[in-house]
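Student: Take this sequence and fold it.
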Amino acid sequence: MTRRADRVGPLWILALTLGVVAVFASWFGPLQILLPVQTDRIGGPGGREALLGLVVGTGAAVALVANPVWGLVSDRCRARLGTRMPVVYAGTAIGVAGQLLLLTSDSGPATVAGWVLVQLGFNGPFAVLAALMADRVPEQQRGVVGSLFGVGQIVGVISGVAVAESVGGGTTGYLVLAVLTPALLSAIVVAGRAAPVVSPRSAGADIDPRPRIALADFRPTREYCWAWALRFLMNLTNAILLIYLFFFLDAVVGVPDPGNAVLMITVVTLVLSAVCAATAGTFSDRLHRRREFAAAGALITAGGLTGLAASTTMPAVLVAAAVLGVGWGLFIAVDMAIITGSLATSGTAGTLLGMANIATSLPQVVAPAIAVPLVTSAAGYPALYGAGAGIAVAAALCTLRLRGVR
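Tutor: Predicted coordinates for the structure are as follows:
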């Protein structure tokens, strides 16, 4: 049985967005508040940076494998069952188990194990959410839905940080997230098959919703490789900014309450990102342009990181954060549209988008390797954020190679 591609409705888009909110809240509440506080308590002033790097890096290394594997499993589920939802169920259960382990963790190994389970588990639903964009969203809506996918990430980060800060950075935050995450993810399960299946190359064509998968379908296109590099570099700049922001505010800016300052900066940055993403996504559909928005976002991000490298006061940090918010918003407005537009077929969308999501998780492994030598040297945090600015410029150059993507 086949169905004709159509525009996805607002309720399905809302369900997709809520799923993204759930996953990113469960990742970034811990990354920005809960894990730094926990590793500070366990490792002390002399070992907190190294322990945080070990926890985050190990979890991200697991995510590198987990996301494409979950994507492959979801492709197989779709081919056999016509739905990717079993991956959502299994991944959510594993992720919640990790949150509950972190709730009771009082040692380095237990913290590493809990974060590994969180990364292993929630990469399952995230792989499915990304694949659903390729499955169900026609080309003419990719900018709008992709930008809302990005807005969901932003709202998720703010929500996760707000939850973590509301409990004073204590481990109770993990319990709150363990309840909220499956509740929000249930929206996409309820939405089910409410939207038609479409081809990423030919919106409007009749296709089989249970595709046969050939080995050649897994071969990435040239545009996909450059889109992957663009996503990796931009997420590396973001990881450099976020993972050590708590310690930067404590050691360099000298704020009395780093957790509250992280929340303030996160809100400023991500509210601006959300506004820019929603606006730019709509315009990218109307103008039939993606690359220009991504390039502008990367260059503005470079400017924001340069400003942050020179900041020693909270007002200066907030100005740099506002610039970073605009840059990140422009990028995420078109990120999903660029990635899905580079796919050759929808039959392997879960696997290839899972591989694309490596570009989101790999920076969490690379960032500590870059950051620890810099922040513990005489160059310190200005060198770290200066390096981030250079990486953002390299991301802008990647857009020059995306000739096959609008």
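Student: So, low pLDDT: which residues of the stretch 251-400 of the chain?
Tutor: When residues are selected by pLDDT under 70, those of the stretch 251-400 of the chain lie in 344-350.
Student: go again using 80 as the cut-off
Tutor: 259, 270, 285, 287-288, 340-354, 357, 360-362, 364-365, 376, 378-379 (pLDDT under 80).
Student: now residue 342: how far from residue 352?
Tutor: 9 Å (C-beta to C-beta, to the nearest Å). Where you see a C-beta, it was placed from the backbone N, CA and C, and this is true even at glycine.
Student: residue closest to the middle of this structure?
Tutor: residue 360 (5.7 Å; C-alpha atoms, centre = their mean).
Student: doesn't it fall inside a helix?
Tutor: Yes: per DSSP: H, G, I helix; E, B strand; the rest coil, residue 360 lies within a helix segment.
Student: residue contacts, residue 17?
Tutor: Neighbour list for residue 17: 148, 149, 151, 152, 155 [criterion: C-beta atoms under 8 Å, 6 or more residues apart in numbering].
Student: Between which two of the residues you listed is the distance greatest?
Tutor: Spanning the widest gap among the contacts of residue 17 are 149 and 155, at 11.0 Å by C-beta to C-beta.
Student: Looking at the two now, which is surrounded by more residues?
Tutor: residue 149 (28 against 20; other C-beta atoms under 10 Å).
Student: and the next element down the chain from the strand or helix carrying that one?
Tutor: Per DSSP states H and E: residue 149 is located in helix 142-166. Heading C-terminal from helix 142-166, the first helix or strand you meet, by DSSP H and E, is helix 172-191.
Student: picking up where we left off before, so the residue nearest to the centre of the chain is in contact with residue 235, correct?
Tutor: Yes: Residue 360 is within contact range of residue 235, at 5.1 Å (criterion: C-beta atoms under 8 Å).
Student: the longest helix in this structure is where?
Tutor: Using DSSP state H, we find that the single longest helix of the chain is helix 48-81.
Student: What's the mean pLDDT across that one?
Tutor: In this model, helix 48-81 has a mean pLDDT of 83.
Student: quick one: buried residues of it?
Tutor: 48-49, 51-64, 66-79 (16 or more other C-beta atoms under 10 Å).
Student: Could you list the residues in contact with stretch 25-32?
Tutor: Outside stretch 25-32, the residues touching it (C-beta under 8 Å, 6+ apart) are 56, 95, 99, 102, 115, 118-119, 122, 156-157, 159-164, 173-174, 177, 180-181, 184, 242-243, 245-246, 262, 266, 364.
Student: which secondary structure elements does the helix or strand where residue 326 lies contact?
Tutor: Counting by DSSP H and E, the element that carries residue 326 is helix 314-341. Counting contacts by 3 or more C-beta pairs under 8 Å, 6 or more residues apart in numbering; DSSP states H and E, helix 314-341 packs against helix 108-136, helix 142-166, helix 222-243, helix 258-287, helix 291-309, helix 349-375.
Student: again, 7 Å this time
Tutor: Packing partners of helix 314-341 (3 or more C-beta pairs under 7 Å, 6 or more residues apart in numbering; DSSP states H and E): helix 108-136, helix 142-166, helix 222-243, helix 258-287, helix 291-309.
Student: Quick one: these as CSV, columns for distance to residue 85 too.
Tutor: Formatted as CSV, the helices and strands packed on helix 314-341 follow (distance: least, C-beta to C-beta, whole Å):
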stretch, distance to residue 85
helix 108-136, 7
helix 142-166, 18
helix 222-243, 26
helix 258-287, 26
helix 291-309, 31
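Student: out of the ones you listed, nearest to residue 321?
Tutor: Of the helices and strands packed on helix 314-341, nearest to residue 321 by C-beta to C-beta is helix 258-287, at 4.5 Å.
Student: Return the angle between stretch directions for the closest one and helix 222-243.
Tutor: Counting by axes from the mean of the first three to the mean of the last three C-alpha atoms, to 10 degrees, helix 258-287 points 160 degrees away from the direction of helix 222-243.
Student: I'd like the numbering to begin with 6 instead of 1 from here.
Tutor: That works, and once the first residue is 6, the last one we named lands at helix 263-292.
Student: Taking helix 319-346 as reference, get the angle to helix 263-292.
Tutor: 40 degrees.
Student: Helix 263-292: how far from the chain's middle?
Tutor: 14 Å (C-alpha atoms, centre = their mean, to the nearest Å).
Student: and that helix, which residues are buried?
Tutor: Those would be 263-264, 266-279, 281-283, 285-286, 289-290, for helix 263-292 by 16+ other C-beta under 10 Å.
Student: Check stretch 231-249 too.
Tutor: Those would be 231-249, for stretch 231-249 by 16+ other C-beta under 10 Å.
Student: One more: stretch 106-126?
Tutor: Buried, per 16+ other C-beta under 10 Å, within stretch 106-126: 106-108, 110, 113, 116-126.
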